[in-house]
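J.: model the structure of this input:
(2 chains)
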Amino acid sequence: MITGELRSRIDRLWDAFWSGGISNPLEVIEQITYLMFIKRLDGIQTTKEHKANRTGGEVDSPIYSADTKDLRWSVFTEKQPDQMYEIVANEVFPQLRGLGGEKSTYSQHMKDARFTIPTPNLLTKAVDILDELPLDQGDVKGDLYEYMLSKIATAGQNGQFRTPRHIIQLMVEMMNPSPRDEICDPACGTAGFLVAAAEYVQREHYDALLERNQQLHFHNSMFHGFDFDSTMLRIASMNMLLHEIEEPDIRYRDSLAQNVADETEKYSLILANPPFAGSLDYETTAEDLLQVVKTKKTELLFLALFLRLLKPGGRAAVIVPDGVLFGSSKAHVGLRKMLVENHRLDAIVKLPSGVFKPYAGVSTAIVFFTKTNAGGTDNVWFYEVTADGYSLDDKRTPLLSEEKLGPRPNVALDEADHEKNNLPDVLARWARRGNSELERPRTAQSFTVVKADIVSQNYDLSLNRYKEIVHDEGEHRPPLDIIADLESLESEIQSGLSILKAAIR
Amino acid sequence: MKTNSLGEVAFFVRGVTFKPSDIVSGNSPDSLWCMRTRNIQTELDLSDVWSISRSHVKRPEQILQFGDVLVSSANSWNLVGKCCWTPQLDNEATFGGFITALRADPARLHPRYLYWWFSSPTVQAAVRSFGRQTTNISNLDIHRCLALNIPVPPLEEQRRLAGLLDQVDDLRAKRQQAIALLDDLAQSIFLDMFGNPATNPKGWVIRTVSDLIESATYGTSQKAHTAGDFPVLRMGNLTAQGRIDLSSLKYLPTSEVGERHIVRKDDILFNRTNSADLVGKTAVFRENTPMAYAGYLVRVRTNPQNHPEYISAFLNSRYGKKILRNMCKSIVGMANINARELQSIRIPAPPLKLQQEFAQRLQATEQQRAAHVSHLEALDELFSSLQAKAFRGEL
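T.: Sure, this is the predicted structure:
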């Protein structure tokens, strides 16, 4: 969590861009990302030089030569503003684009880098503030970048919007990724899910990661994120880098359009909040997805995609719009039937409809399933989240103090806190879904439904279909009592009017 | 009558500033209540009161006093100046930065007289017009308010005038109370005759709505206009209490209205799409002149064995509302209940004779209610007239 001084520095950086003429938050993030990257290149070079000095040898594959030393952050930031601007615009960025030939994830996404900071003045300000930020401190720098990302306060096109961190954390906690998982988010955006999964593994499996092969896996083959927006890819890879994942697989992939063949059954865990807007044409949709489900709806196509991407035994936690759960088209019912009959549908967690505010008021749920190819759905666990710790209006103000927010708060929540943040309860009850949860009545906040009931409802998965409501008997007064009250009111009004009349006359 | 500038006989006290993080629980030590914009309703609304630490109160005068006029001082332009009377409170209280207290000089001005003067339509309109608008928030202009002229008769006379207005106001409140009681009465008659549907104590046969009706038809999707010859009912014409409100109508040319889209006396109208709170609003159309109805409404025609008032009252009962609320499906803020789902609702089916008897009792209650409502309107008119006269010195 970024607070105090650090936070206000980032806010200042943001303001500088804003008043300097770049008002699109995505563009601001992108330009900051480039600058951070350039600064980091200088840092890497310095480390290499130190190493060479110690061993007395040559610098190993240097980024900068004697000719290009002026392009180093530490050198150009010492120049006059005009001169610096000149160097960055005409020399540093062309060099940055040239790095595209290298195979590292980060340099790859720099190949079409464009410098759009309009004035030397703004560049100077940005450089000064970035120099003050602790960009080399392990845990801080990732949080710092996340804080910047939280400022992307506009919904993207194509139905993308930022998934709140605490919902991501809930999904990760429930999925409990192990160091051996291969995790994929086929619509990764800024890589929020992958970063949270990485943080979880680092925290829960610290010892396992000390082992060399595990470490290699963690840095090179554990995390896979796809997107078809190159800005997002740049941001996602920087986000991963700042969370100390060295070579994540973040790449351009139009998940619904490209053939799935070479990705089939490669991943053991999928965490995603795919864009659910509108529809695609059959022509531009991958053939092999249409074979699973013939539909133009992106949210259904994504579910079909996840089933293809998962290894047998692989698990998925996916945010879907409510329509997926009750839609009555052939494709909707077919896909739900597939999840229930051919695989194992584990749970539906219904989210309150304000979760994605201020971007969208859409109603959503998280679907949890395991690919088995052999069925296995016995009971489906339902939970109705009514509060996630924040107000459900456009402001989304925290309802509890910092230490009581999120799915794993530092202090235990009492009954009143639970009313404001259900997430810890979701996590605790999820762990008991095979035991005590089976006994809970359908009037409770969570309950399980046997498969036969779901089949008889034509695979409708909306929570309301199964939830039973408690009807209070409700005190009601007999009509004659009420009439007696009316009569006495009437006479009071009558005498009141007479008194008034006398007073006015 | 002698007048003074408001500033000569009263003064404004600005509220305290605090951050959202300064809000504490009501029982924490050294805290006090803090009134904010939402507490200022016709009367001081204490259903949701925040507390803050006493340390935010910088000056003793910022403690709220009995008889202060609480004024909303930063609000949208049409709400600036909205005010309420401060009654005797159980707790010590202050007020936030968007609120200003108007306090009378007790030697010159009777607080209740000040309240009725400040809340009168003319003064309220003047105060709104002084509002200084920044972005979309308008701010109370304290200096121009203080320069307003207020008639200041002797204290005894002020007390008399305020007392008269209080009397009429009291009568209005009683009338409103009576109207609320009549609404309870309608519910109570239903429960008394048919029992609570949740438990069905009288053991009626349980059917579905589809068994009790003849048809359920969606309304016209034609866009209605502000002028035309055939009135069209839209979802706004159905009140949440289950009545039809004809105060705002739109129209279609008669040529564009087919029989399918016409609602006649004793049809039920059901609102199939709205926010989750309002979806499922139901009312019986009791007018003699037929009207058209819009696509978000469903026209339900009862079959001859059942009475529309019974079905409508069932759907409007607390039990019915709960069922509707629970069955609606919402996508992007809008909730839906389609005609098929409406027809699948389980409903006790008492004999027609009893349903008719219920409809008669309901009709009698509704007639009473209409009389009460027009009486309330007359009292409102009387109040306005007295208020205007009081401050012109004509009373």
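J.: just the pLDDT for residue 103.
T.: Picked chain A for this. According to the per-residue confidence, residue A:103 scores 64 in pLDDT.
J.: could you do chain B instead?
T.: 97.
J.: skipping its backbone neighbours, what lies nearest the residue most central in space within chain A in space?
T.: Against the mean C-alpha coordinate of chain A, by Cα atoms, centre = their mean, the closest residue is residue A:163 at 3.6 Å. If you skip the residues right next to it in sequence, residue A:163 has residue A:273 as its closest partner in space, 4.5 Å away by Cβ to Cβ, 6 or more residues apart in numbering or on different chains. Using the backbone N, CA and C atoms, a C-beta is placed for each residue, glycine as well.
J.: give me phi/psi at that neighbour?
T.: The phi/psi pair for residue A:273 (degrees, to the nearest 10) reads phi -130, psi 80.
J.: tell me the SS of the residue in the stretch 101-250 of chain B positioned nearest to chain A?
T.: Proximity to chain A, evaluated over the stretch 101-250 of chain B using Cβ to the nearest Cβ, is greatest for residue B:198 at 3.4 Å. Here residue B:198 is coil, with the state taken from DSSP: H, G, I helix; E, B strand; the rest coil.
J.: now it: how far from residue B:319?
T.: Shown here: residue B:198 relative to residue B:319, a distance of 5 Å by Cβ to Cβ, to the nearest Å.
J.: now swap in residue B:345 and tell me
T.: Taking Cβ to Cβ as the measure, residue B:345 and residue B:319 are separated by 11 Å.
J.: other residues contacting the helix or strand where residue B:125 lies?
T.: Here residue B:125 is covered by helix B:121-130, with elements defined by DSSP states H and E. For helix B:121-130, contacts defined as Cβ atoms under 8 Å, 6 or more residues apart in numbering or on different chains pick out B:77-78, B:80-83, B:117-118, B:138, B:140-141, B:144-145, B:148, B:384, B:387-388, B:391.
J.: PyMOL command for the buried members of the residues you listed?
T.: Only the buried members of those end up in this PyMOL selection, burial being decided by 16 or more other Cβ atoms under 10 Å in any protein chain shown:
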select buried, chain B and resi 80+81+82+83+117+118+138+140+141+145+148+387+391
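J.: any stretches of the chain with poor pLDDT?
T.: By default, I'm working from chain A. Residues of chain A that meet the criterion pLDDT under 70 lie in A:1-3, A:100-106, A:137-139, A:153-161, A:277-278, A:358-361, A:471-475.
J.: wait, chain B
T.: Per-residue confidence of chain B (counting by pLDDT under 70) places the weak regions at B:134-135, B:330-333.
J.: which parts of it sit against chain A?
T.: With the criterion set to Cβ under 8 Å from any Cβ of the partner chain, chain B comes near chain A through B:20, B:163-164, B:167-168, B:170-171, B:174-175, B:177-178, B:181-182, B:184-185, B:187-189, B:191-192, B:196, B:198-199, B:318-319, B:322-323, B:326-333, B:386, B:395.
J.: among these, the buried ones, what's the ChimeraX command?
T.: What follows is the ChimeraX syntax for the buried subset of the residues of chain B next to chain A, where burial is set by 16+ other Cβ under 10 Å:
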select /B:164,167,168,171,174,175,178,181,182,184,185,187,188,189,191,192,196,198,318,319,323,327,328,329,330,331,386,395
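J.: so which bits of the stretch 251-400 of chain A are right by chain B?
T.: Within the stretch 251-400 of chain A, the positions near chain B by Cβ under 8 Å from any Cβ are A:321-323, A:326, A:353, A:360-363, A:397.
J.: could you redo the last one with a cut-off of 7 Å?
T.: With Cβ under 7 Å from any Cβ of the partner chain as the criterion, the stretch 251-400 of chain A meets chain B at residues A:322-323, A:326, A:353, A:361-363, A:397.
J.: tell me the two of the residues you listed that are most distant?
T.: Spatially, the most separated pair among these is A:326 and A:397, at 31.3 Å (Cβ to Cβ).
J.: ok, these two, which is more surrounded?
T.: Here residue A:326 and residue A:397 are set side by side on neighbour count (other Cβ atoms under 10 Å in any protein chain shown), and the busier one is residue A:326, at 20 against 10.
J.: list the contacts for the more buried one?
T.: Taking Cβ atoms under 7 Å, 6 or more residues apart in numbering or on different chains as the definition of contact, the neighbours of residue A:326 are A:460, A:462, B:329.
J.: as CSV, the residues you listed with distance to residue A:134 and secondary structure would be great.
T.: Compiled in CSV, those are given as follows (distance: Cβ to Cβ, whole Å; DSSP: H, G, I helix; E, B strand; the rest coil):
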residue, distance to residue A:134, secondary structure
A:460, 52, coil
A:462, 47, coil
B:329, 49, strand
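J.: out of these, which comes closest to residue A:24?
T.: Nearest to residue A:24, judged by Cβ to Cβ, of the contacts of residue A:326 is residue B:329 at 36.1 Å.
J.: ok, and the closest non-adjacent residue to the closest one?
T.: In space, and not counting its chain neighbours, residue B:329 is closest to residue B:336: 5.3 Å by Cβ to Cβ, 6+ apart.
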